[in-house]
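>>> Sequence below, structure please.
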Amino acid sequence: MSEVLARGRELRSRARTPMRRPRGYVRAAGAVLLLALPFYLDRFWLQAGLFAMAAAIGAIGINLLTGATGQLSMGHAFFLAIGAYGYCVLAGDGSDGLTGLGLPTWIAAALAVALAGLAGGLFSPIAGRLRGAYLGIATLALIFIGQHVLFNAHDLTGGSNGRDVPPLSLFGLTFDDSELVVAAVPFGASEKLWYAGLALLLGCGLFARGVLRGRPGRAMNAIRDHRIAAGVIGVPVARYRAGVFVLSSMYAGLAGVLLALVFQRTVPDYFGMTLSLEYLAMIVIGGLGSVAGAVAGAAVVSLLPQLLTRYSDALPLVSAPGTGGINPGEASRYLYGAAVVAVVLFLPGGLAGIAARRSRPKSGHAPAESVTSGEDR
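Now for the predicted structure:
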């Protein structure tokens with residue numbers, strides 16, 4: 001009997017090996033490519049990639065909240081604004097006439113993320129008790145409150161003109177345009193931030209995957225699928241909903257800090273309701289409840305307007321603002337709006353669902369391990 005069981009384990013191991021090796025090779029090649037890109041790409045492409053990384057971090061956070069736990073949030077942009085402006089206030093030295101505490105920039109970045117989490121914690125009692133459209137409306141109110149503060153608290157935010165963002169300094173390295181030569185290639189702010197963004201995105205993605213694969217993830221999914229049943233089996237529903245809201249807010253705060261460092265200037269208009277809707281589009285297109293899907297959806301939604309702007313001269317019906325065609329920003333919203341409708345109607349799992357179906361064996365029966373371990377997350 002033991003020989004039969006050992007033979008069965010060997011056969012299953014051989015069946016899994018051909019599937020996993022190519023995936024490992026692809027991931028290794030992708031990692032090498034991402035590390036090498038700053039040596040070959042110009043500033044436009046690096047900044048576009050950094051915007052996508054920041055968007056991916058924020059999308060992972062809202063996917064934990066909306067995709068995994070089922071809490072609709074329309075106020076994600078509010079917490080991004082707290083991260084961005086919190087960093088400026090904490091790290092600013094007041095030389096521009098605006099309020100600044102002059103803290104070391106790396107401490108200011110960490111405190112800005114904590115400040116976004118604190119704001120989420122203050123709102124979490126409401127998030128723990130409301131659900132569905134009621135929670136969406138409550139979080140939408142945060143956008144209007146945030147916009148009022150950003151435009152009127154001039155000493156903190158600079159009003160409609162915004163304020164400059166102090167460059168980050170970490171371990172003696174300043175992430176500004178001061179030249180740093182590596183392998184005969186001059187590294188400016190975008191090249192330096194590229195590696196910082198990669199490290200942050202990797203850390204955030206791995207942490208979120210750990211949460212979703214563990215006991216908290218199972219509890220979050222139970223709350224999403226049937227809140228009352230989750231409470232009956234002993235899941236503290238209100239505590240989990242509040243905790244996930246705080247975690248999502250911290251992800252948004254970190255995304256806001258990275259966006260501020262890339263933009264090098266914060267402006268209130270950016271952190272409006274449109275940004276929150278874009279984050280919802282990211283997780284729907286990428287796949288609800290999937291970390292990889294959040295990253296893919298963030299790349300699509302954040303890169304599309306930049307690519308349309310870059311190549312507007314070569315595209316039909318798309319042109320620069322004021323020239324008679326469709327604005328690249330409007331064209332991108334039409335496109336990913338259509339993508340959201342297509343995903344809802346025909347691809348409920350989003351881009352992550354397509355990848356999961358393509359990775360299944362041809363027989364249509366996925367190994368039990370890949371189904372239960374959350375490989376697509």
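
>>> By mean pLDDT, which helix or strand of this structure comes out lowest?
helix 368-372 (a mean of 37; mean pLDDT, DSSP states H and E).

>>> tally of neighbours for Ala133?
Using other Cβ atoms under 10 Å, Ala133 has 10 other residues around it. Using the backbone N, CA and C atoms, a C-beta is placed for each residue, glycine as well.

>>> how much space is there between it and Ser124?
Between Ala133 and Ser124 the computed distance is 19 Å (Cβ to Cβ, to the nearest Å).

>>> cool, and Val237?
The value you get for Val237 to Ser124, if Cβ to Cβ is used, is 13 Å.

>>> Would you work out how far apart the start and end of stretch 228-248 are?
One end of stretch 228-248 sits 23 Å from the other (Cα to Cα, to the nearest Å).

>>> so how far is that stretch from its chain's centroid?
Using Cα atoms, centre = their mean, to the nearest Å, the mean C-alpha position of stretch 228-248 is found 22 Å from that of the whole chain.

>>> Residues contacting that stretch, please?
The contact list for stretch 228-248, computed with Cβ atoms under 8 Å, 6 or more residues apart in numbering, reads 61-62, 64-65, 68-69, 71, 73, 76, 79, 117, 120-121, 123-125, 127-129, 211, 216, 219-220, 222-223, 227.

>>> For it, buried residues please.
230, 235, 237, 240-248 (16 or more other Cβ atoms under 10 Å).

>>> Quick check on the contacts of stretch 228-248: which are buried?
Buried residues within the contacts of stretch 228-248, counting neighbours by 16+ other Cβ under 10 Å: 61-62, 64-65, 68-69, 71, 73, 76, 79, 117, 120-121, 123-124, 127-128, 211, 216, 219-220, 222-223, 227.

>>> So which of the buried residues of stretch 228-248 sit within strands?
Within the buried residues of stretch 228-248, no residue falls in strands by DSSP state E.

>>> Could you export those residues as a markdown table, including distance to Val257 and pLDDT?
Shown next, in a markdown table, are those (distance: Cβ to Cβ, whole Å; pLDDT from 0 to 100):
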| residue | distance to Val257 | pLDDT |
| --- | --- | --- |
| Ala230 | 34 | 87 |
| Val235 | 32 | 87 |
| Val237 | 31 | 87 |
| Tyr240 | 26 | 89 |
| Arg241 | 25 | 90 |
| Ala242 | 23 | 89 |
| Gly243 | 22 | 91 |
| Val244 | 21 | 93 |
| Phe245 | 19 | 92 |
| Val246 | 17 | 94 |
| Leu247 | 16 | 95 |
| Ser248 | 15 | 95 |
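
>>> Can you tell me which of those comes closest to Leu315?
Using Cβ to Cβ, Ser248 comes nearest to Leu315 of those, at 35.5 Å.

>>> quick one, helices of the stretch 201-350 of the chain?
Applying DSSP state H, counting those that start in this stretch to the stretch 201-350 of the chain gives helices spanning 215-225, 227-232, 237-263, 273-286, 291-310, 328-346, 350-358.

>>> wait, which of those helices is closest to Pro104?
Across the helices of the stretch 201-350 of the chain, Pro104 has its closest neighbour in helix 237-263 (14.0 Å, Cβ to Cβ).

>>> Okay, angle between that closest one and helix 215-225 too, please.
110 degrees (axes from the mean of the first three to the mean of the last three Cα atoms, to 10 degrees).

>>> Could you check how far helix 237-263 is from the centre of its chain?
On the basis of Cα atoms, centre = their mean, helix 237-263 sits 9 Å off its chain's mean C-alpha point.

>>> and the direction of that helix versus that of helix 273-286, what angle?
110 degrees.

>>> quick one: low-confidence ranges for the stretch 1-150 of the chain?
Along the stretch 1-150 of the chain, the parts satisfying pLDDT under 70 run over 1-22.

>>> Please enumerate the strands of it.
Taking DSSP state E, counting those that start in this stretch, the stretch 1-150 of the chain contains no strands at all.

>>> re the thing from before, relative to Asn152, which of the helices of the stretch 201-350 of the chain is closest?
Closest to Asn152 of these, according to Cβ to Cβ: helix 273-286, at 17.8 Å.

>>> Just the buried positions in the closest one, please.
With burial defined by 16+ other Cβ under 10 Å, the residues of helix 273-286 counted as buried are 275-286.

>>> Make TSV from the buried residues of stretch 228-248 and add distance to Ala141 to it.
TSV is the format used below for the buried residues of stretch 228-248 (distance: Cβ to Cβ, whole Å):
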residue	distance to Ala141
Ala230	27
Val235	28
Val237	23
Tyr240	23
Arg241	18
Ala242	18
Gly243	21
Val244	20
Phe245	15
Val246	18
Leu247	21
Ser248	17
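
>>> Touching stretch 259-267 from outside, list them.
The contact list for stretch 259-267 (Cβ under 8 Å, 6+ apart) reads 47, 50-51, 54, 80, 83-85, 87-88, 157-158, 160-165, 167-168, 175, 189-190, 193, 270.

>>> So which of those sit within helices?
Among the contacts of stretch 259-267, the residues falling in helices (DSSP state H) are 47, 50-51, 54, 80, 83-85, 87-88, 157, 189-190, 193.
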